[in-house]
Each structure stands twice: as structure tokens, then as C-alpha cells.
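Peer 1: can't give you the sequence, but here's the structure:
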């Protein structure tokens, strides 16, 4: 079964699309027919303020409406950009926050949310803010690689 993948990116013009959730997960519009497991990969916007950030609030909302039916697994790491996410998924030694992905594939997921982008487009004053951290072509390739893995 293919999982639903949602890309939440601030990278302008990065049209990668999304994959619809499997129909059987939310059949009928009520509580899911089966337990739903959600993977969240992101940067500081999803990592900071653990316990009260938007990922945790989404989990709380699901718990209030459908107790025990949805589990969100937040693997966000502050400062992340697409290449570092891929390095971490590959287990590349020396990758910042490598241990944060321990256990990431210990379960199957029904949905995956990827919330990255502003660190990819970050630029530095060393060249007058002309060069992004990750080139747009590389960013697109990285997202396509990540989607294929999910």
C-alpha cells in the first residue's frame, strides 16, 4: 500500500505534488477504520517547543476526537534541509542529529508530512546573499528522492 505524502515546503516553485491517502484509511468521513500512523519530517518549525508545537497540537486534536486512532511520530530536527535529511536516512556518519532518526523505520506509516524548505533557501553574506544553501535543482532532486523513499 502506498502511503499518503504531503510536502509542506516554502521553496517557491517546487511543484512536486502529493499522493492521496489510501482510501481505506479515512473511509466514511468518521474515525479511521484502522489505526493511522503518521510520520513527520521537518526542521525547527516542527522541532522547537516540543509538547506545544503544531505537530503536538495536531496529535492532541486527534486524541480528543478519535482517542487512540492516530499516532504522530515527529522526527523533525532543527536546522534541517533536504540533503541532511537524506544523509540521516542513509545513516551517514557525522550527520548532525543522526541519532534523532533512531527507530524511524520501526513501524509502517499511513501518512508522511515533510515540512522543510526555509533552510534550503537560506543564503549567507559571504556572497551578498546570492547563493542558497542548497541549489534549486538539488533541492528538487532531494525531494524527489525523499518521496520515492517514503
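Peer 2: Sure, I can see it. Note that this is a predicted model, so its numbers are computed, not measured.
Peer 1: low-confidence stretches in the protein?
Peer 2: Screening the chain residue by residue with the criterion pLDDT under 70, one finds the ranges 1-29, 120.
Peer 1: all the strands of it, in order from the start?
Peer 2: With DSSP state E applied, the chain shows strands at 4-9, 36-42, 70-74, 111-116, listed in chain order.
Peer 1: turn the ones you listed into JSON lines, including distance to residue 101.
Peer 2: C-beta: built from backbone N, CA, C; applies to glycine. Written out in JSON lines, the entries for the strands of the chain read as follows (distance: least, CB to CB, whole Å):
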{"stretch": "strand 4-9", "distance to residue 101": "17"}
{"stretch": "strand 36-42", "distance to residue 101": "9"}
{"stretch": "strand 70-74", "distance to residue 101": "11"}
{"stretch": "strand 111-116", "distance to residue 101": "13"}
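Peer 1: how many neighbours does the nearest residue to residue 58 once chain neighbours are set aside have?
Peer 2: Nearest residue to residue 58 in three dimensions, chain neighbours excluded: residue 72, at 6.3 Å (CB to CB, 6 or more residues apart in numbering). Residue 72 has 19 neighbours, counted by other CB atoms under 10 Å.
Peer 1: ok, residue 72 to residue 105 distance?
Peer 2: The gap separating residue 72 from residue 105 is 16 Å, by CB to CB, to the nearest Å.
Peer 1: and what of residue 44?
Peer 2: Taken as CB to CB, the span from residue 44 to residue 105 is 23 Å.
Peer 1: which of these two has more neighbours?
Peer 2: residue 44 (15 against 11).
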